[in-house]
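Student: please find the sequence and the predicted model below.
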Amino acid sequence: GAGVSQSPSNKVTEKGKDVELRCDPISGHTALYWYRQRLGQGLEFLIYFQGNSAPDKSGLPSDRFSAERTGESVSTLTIQRTQQEDSAVYLCASSPGGASGRTGELFFGEGSRLTVL
Amino acid sequence: GENVEQHPSTLSVQEGDSAVIKCTYSDSASNYFPWYKQELGKGPQLIIDIRSNVGEKKDQRIAVTLNKTAKHFSLHITETQPEDSAVYFCAASESGGGADGLTFGKGTHLIIQP
């Protein structure tokens, strides 16, 4: 079956421009996560959705970052007025989820590589 | 919040030898500890996980051990093969993911020398 799909796979933009990254989770997965991975670094948690609500936005690094999710499907991560330090791979993951919030295994997409010049 | 330290950052072993990667965590409430493998250009993929009610779990050549008292857990790969070359991430969570996500270590680049 189809896995988590992210687009674009690569994005090069100029400093100050806005970018939008898209994630299509596995069908039926209620939980969706965004992580940021800087070169040679670990995965930095950004935001978590359970359905289309975001109970935890604490990982978003600044107010230039926002994310939304439509129902239990597509999510978009928007970065406004991009800065060079925003350059990273942005990974999306989904999980079956559950009422208790225990989600277990995360299924990751291949990421969107953002380069801000 | 949770803090996960992972060592070493790079590990080079001869094919056929064993590899051990170690992680420590700070939050004693954490009860779920997965390991993810990330191949070049791919997203991380779960290879094994352990919950706090067991001390060890094994799956073929891969095993994970957990010491809750010391707050550390380790990944053991035996009889390493070239396809084991990748970046490995440990992670910890109180809720199995959920509202606080997983806190990941910085990763270990495992290199299998032929």
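Tutor: Nice, I can see it.
Student: quick one: the strands in the chain?
Tutor: I'll assume chain A. With DSSP state E as the criterion, chain A has strands at A:5-7, A:10-13, A:19-24, A:31-37, A:43-50, A:53-56, A:65-69, A:75-79, A:88-95, A:107-108, A:112-116.
Student: my bad, chain B
Tutor: For chain B, the strands defined by DSSP E cover B:4-7, B:10-14, B:19-25, B:32-38, B:45-51, B:56-59, B:62-67, B:72-77, B:86-92, B:103-104, B:108-113.
Student: tell me which of those sits nearest to A:Val12.
Tutor: The minimum distance between A:Val12 and these falls on strand B:32-38, with 22.6 Å, by C-beta to C-beta. Quick note: C-beta positions are derived from backbone N, CA and C, even for glycine.
Student: how deep is the closest residue to B:Glu5 other than its chain neighbours tucked in, by neighbour count?
Tutor: Closest residue to B:Glu5 apart from its sequence neighbours, by C-beta to C-beta, 6 or more residues apart in numbering or on different chains: B:Thr24 at 4.9 Å. The number of residues packed near B:Thr24 is 18, by other C-beta atoms under 10 Å in any protein chain shown.
Student: what's next to the lowest-mean-pLDDT helix or strand in chain B, contact-wise?
Tutor: Sorting the helices and strands of chain B by mean pLDDT, DSSP states H and E puts strand B:103-104 at the bottom, at a mean of 88. The contact list for strand B:103-104 (C-beta atoms under 8 Å, 6 or more residues apart in numbering or on different chains) reads A:35, A:42-45, B:1-4, B:25, B:36, B:89-93.
Student: circling back: hey, least reliable of the strands of chain B by pLDDT?
Tutor: Ranked by mean pLDDT, the strands of chain B bottom out at strand B:103-104, with a mean of 88.
Student: the closest residue to A:Glu105 other than its chain neighbours: neighbouring residues, count only.
Tutor: Spatial nearest neighbour of A:Glu105, chain neighbours left out: B:Leu46 (4.7 Å); criterion: C-beta to C-beta, 6+ apart. The burial count assigned to B:Leu46 is 15, neighbours taken as other C-beta under 10 Å.
Student: list the contacts for B:Leu46?
Tutor: For B:Leu46, the contact set (C-beta under 8 Å, 6+ apart) comprises A:Glu105, A:Leu106, B:Pro34, B:Trp35, B:Tyr36.
Student: report the contact partners of the residue nearest to the last one when sequence neighbours are not counted.
Tutor: Once its chain neighbours are removed from consideration, B:Tyr36 has its nearest residue in B:Pro44; the separation is 3.7 Å (C-beta to C-beta, 6+ apart). Applying C-beta under 8 Å, 6+ apart, we find B:Pro44 in contact with A:Leu43, A:Leu91, A:Leu106, A:Phe108, B:Tyr36, B:Lys37, B:Gln38, B:Phe89.
Student: cool, and A:Thr82?
Tutor: Counting by C-beta under 8 Å, 6+ apart, A:Thr82 makes contact with A:Thr13, A:Glu14, A:Lys15, A:Gly16, A:Lys17, A:Asp18, A:Val19, A:Arg64, A:Leu114, A:Val116.
Student: farthest-separated two in the contacts of B:Pro44?
Tutor: Those two in the contacts of B:Pro44 that are separated most widely, counting by C-beta to C-beta, are A:Leu91 and B:Lys37, at 14.0 Å.
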